[in-house]
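Trainee: here is a sequence together with a model predicted from it:
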Amino acid sequence: MTFLLKEAGRRSRRLARQACDVALLWPLRSLLRQAAHLLGNDRAFASADRRLLEDHILPHFAAAPEPLSVLFVGVHWYTRRCEQVLSAHRYRTIDIDPRAARHGSTQGHVTASATEVASHFPPASVDLVVVNGVFGWGLNDRAQVEAAARGFFEVLREGGDLVVGWNDIIGRRPHPVAPALEAAGFARAEFPPLATQVIAVPGSNRHRFEFFRKPRRAW
Ligand SMILES: C[S@@+](CC[C@H](N)C(=O)[O-])C[C@H]1O[C@@H](n2cnc3c(N)ncnc32)[C@H](O)[C@@H]1O
């Protein structure tokens, strides 16, 4: 009984810390990043997950010997660097918000929901889909998560990769994404440089990167 009470106490303190971080630290970091951006420094105050994405995950795919067709979901001023990292490849973007279009890819941007991705990109036309900070930031409920999962599966070629980044915290947890992706046909894949399928980034925003692949058909 004492153990259960102590555990409940620990859990509620952890949740309170998380809620406090999200309510206070995130807006503060966001303000500092915005200020640094206006002063011409887009990298200052970048979070650990953003650095991991820009410095390790995207460069791994950018090193592919052949040009890839990449679809990046959700754009903002701070995603421009993603386009730079993948500049040797065909890089296109999609965002539901028309105001985001000015941050979209110079090679092609679509204003639409990711749930309708298959209406905008031909089947099996994409080698890599990156969906970072969109599940839980707009793609939230079961119908949306499942529709997006089916759409990503349709537009990816066989053997194509899907990188998902999301925040495992109160208020940002989407309907479970991995089961929806697996139901759509995706298999978990390894991120070779770290030999892992999931990266839990240390930090209060509990960012997780998860790697999936559209399996090749066995004939
Ligand atoms: C937190 S930002 C993440 C931006 C970026 N992907 C990144 O790596 O940080 C979330 C973005 O997802 C977009 N978004 C939300 N719901 C969406 C949906 N259903 N389809 C496409 N984009 C969506 C929002 O408009 C916003 O620009």
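Mentor: It's in.

Trainee: CA only for contacts and neighbour counts going forward, please
Mentor: Noted.

Trainee: nearest the middle, which residue of this structure would you pick?
Mentor: In the chain, the C-alpha nearest the mean C-alpha coordinate belongs to Asn132, at 1.3 Å (Cα atoms, centre = their mean).

Trainee: got the phi/psi numbers for the nearest residue to that one once chain neighbours are set aside?
Mentor: Closest residue to Asn132 apart from its sequence neighbours, by Cα to Cα, 6 or more residues apart in numbering: Gly165 at 4.2 Å. The phi and psi values for Gly165, taken as degrees, to the nearest 10, are phi -120, psi 130.

Trainee: quick one: Gly165 and Asn41, what's the gap?
Mentor: 24 Å (Cα to Cα, to the nearest Å).

Trainee: who has more neighbours out of these two?
Mentor: Higher neighbour count among Gly165 and Asn41: Gly165, with 23 against 12, using other Cα atoms under 10 Å.

Trainee: tell me what the more buried one is bridged to.
Mentor: Beta bridges link Gly165 to Asn132, Phe209, judged by DSSP bridges.

Trainee: quick check: it touching His207?
Mentor: Yes. Counting by Cα atoms under 8 Å, His207 is a contact partner of Gly165 at 6.7 Å.

Trainee: flag every residue of the chain that's near the ligand.
Mentor: With Cα under 6 Å from any ligand atom as the criterion, the chain meets the ligand at residues 73-76, 79, 94-97, 100, 113-114, 131-134, 137-139.

Trainee: now, those that are in strands?
Mentor: Judged by DSSP state E, these include 73, 94-95, 131-132 as members of strands.

Trainee: narrow the residues you listed to just the buried residues.
Mentor: For those, a burial check counting by 16 or more other Cα atoms under 10 Å picks out 73, 94-95, 131-132.
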